[in-house]
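quick one: sequence plus predicted model below, questions after.
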Amino acid sequence: MRVGVIGAGAVGGSLAALLARGGHDVEVTARGAHLEAIRAAGIRLTGAWGDYTAVVEANSVLTRAPELVIVATKAQDSVAAIRENIALLRGVPVLVVQNGLDAIDAATAASPRSDVVGGLAAYATSYLSPGVVTVTTAGNLYVGVAGEDDVPARYVASVLNPVIPTTVVQNFVGAQWTKLIINQVNALPAITGLSVQEVVADARLRRIMTASMREAVRTGLRRKVRFVSLQGLGHRSLRLFAALPLAIGGALPSLMSARIGKVPNPGSTLQSIRRGQATEIDYLNGAVVREAELVGSTAPVNALLVTLVHDVEDSGDFLTADHVWSRFRAL
Ligand SMILES: NC(=O)C1=CN([C@@H]2O[C@H](COP(=O)(O)OP(=O)(O)OC[C@H]3O[C@@H](n4cnc5c(N)ncnc54)[C@H](OP(=O)(O)O)[C@@H]3O)[C@@H](O)[C@H]2O)C=CC1
Ligand SMILES: CC(C)(CO)C(=O)C(=O)O
């Protein structure tokens, strides 16, 4: 099948390589040195799914009509990236693999004539140098739609399942929320320059992560979200976690870190910082802040993490654990 992958970074590059390895005819879009590297030597996939070099067509926009499109940019880039390719998207199913809560609405607004399917990657992957993507933790893909008709999601799953285990979820909003809780691991590495595992191993940083996670779960519950089981987290366990004191709740980030495994995972937000790019923090912790406001509440820990990530984006300097702890204690 002809598959177009818009934004072949960590997640998109891995999916493009898996699809090419599975025999699909893949064209990717990329920019700058990454585009040049892919054109010269293909996408080099390394890590948990083995070593494979995918020789794929690569351009700044898609040049051939695809039968399926995968959008895997950061949240803030998806609308522009889709619009740049709109001429070839009419009637084509679009899978948007993206963290946060906005993926489907944004893609539907950008390409109203496409069936839009949301995707959540439960694997961890790093794009640290042009042309190379390294999978640090293997995992599944979850797909779903905004409404009742899940035929497009089942179609997308039928294409992807042979190359990556793919599950259709009925309550996709609930799945996005569970992933939003998991993505509470992203901010502190971006603020400190440490890996997720190093952050969780630090008692004070783990406490802050636990506090932001608990705040996010409480916000979801106030918004009447039914969390979907994903990566070991489900509605009942998260509801229990939300009721626990911080000292006990720290077991959750520890468990999540153990699931991630031993290969250091920077998370996608720290990867943006290291490349000197804007992060999607406004769509992660920032989404929790906005959702809290919708129910007349606040999310001060998440708001602080958003502020600190923006401080690091602006200054280019990571913050010490001491500094982050004192800002947290001052709340
Ligand atoms: N990395 C991970 O382990 C995981 C990431 N996610 C989520 O997946 C999504 C993608 O993240 P990730 O893969 O890490 O992000 P990356 O930044 O690694 O990849 C995004 C790619 O999209 C490119 N891009 C942006 N705009 C355009 C455009 N208009 N045309 C062509 N290319 C474009 C970027 O290019 P450029 O660099 O030039 O901006 C970049 O190469 C995010 O929502 C993230 O939260 C989910 C699970 C795991
Ligand atoms: C869960 C995690 C942290 C995997 O790397 C992720 O989704 C991300 O990096 O955005």
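Arrived safely. Ligands and ions are numbered 1, 2, ... in the order given.

tell me the centre residue of the chain?
Residue closest to the mean C-alpha point of the chain, counted by Cα atoms, centre = their mean, is residue 99 at 3.7 Å.

contacting residues for that residue?
Residue 99 is in contact with 75, 120, 179, 180, 183, 268, 280, 283, 284, counting by Cβ atoms under 8 Å, 6 or more residues apart in numbering. Quick note: C-beta positions are derived from backbone N, CA and C, even for glycine.

ok, which stretches of the chain are strands?
2-6, 25-29, 43-47, 52-54, 57-59, 68-71, 94-97, 116-121, 124-129, 132-137, 141-144, 166-168 (DSSP state E).

so which of these is nearest residue 311?
Across the strands of the chain, the minimum distance to residue 311, taken as Cβ to Cβ, is reached by strand 124-129, at 22.9 Å.

can you count the residues close to residue 96?
By other Cβ atoms under 10 Å, 29 other residues sit near residue 96.

any idea of the pLDDT on it?
At residue 96 the predicted local confidence, pLDDT, stands at 98.

with residue 150 instead?
Reading off the per-residue confidence, residue 150 sits at a pLDDT of 95.

you'd agree it is up against residue 167?
No. Residue 150 sits out of contact with residue 167 when judged by Cβ atoms under 8 Å, with a separation of 11.7 Å.

quick one, helices of the stretch 201-331 of the chain?
203-222, 235-243, 246-249, 251-260, 267-274, 285-294, 300-315, 321-329 (DSSP state H, counting those that start in this stretch).

so which bits of the stretch 151-300 of the chain are right by ligand 1?
If contact is defined as Cβ under 6 Å from any ligand atom, the residues of the stretch 151-300 of the chain in contact with ligand 1 are 268, 271, 272, 277, 280.

how near is the fourth one to residue 79?
When Cβ to Cβ, to the nearest Å is the yardstick, residue 277 and residue 79 sit 17 Å from each other.

the more surrounded of these two?
residue 79 (17 against 13).

what about residue 292, how many neighbours?
When counting by other Cβ under 10 Å, one arrives at 22 neighbours for residue 292.

again with the one 10 residues further on
Residues within reach of residue 302, counting by other Cβ under 10 Å, total 27.

show me the chain divided up by domain.
Domains of the chain are assigned by automatic domain parsing as 2-170, 175-329.

which residues touch the nearest residue to residue 190 once chain neighbours are set aside?
If you skip the residues right next to it in sequence, residue 190 has residue 269 as its closest partner in space, 4.1 Å away by Cβ to Cβ, 6 or more residues apart in numbering. Residue 269 makes contacts with 186, 187, 189, 190, 279, 280, 281, 284, 309, as judged by Cβ under 8 Å, 6+ apart.

what backbone torsions are found at the fifth one?
Okay, so that is residue 279. With angles defined as degrees, to the nearest 10, residue 279 sits at phi -90, psi 170.
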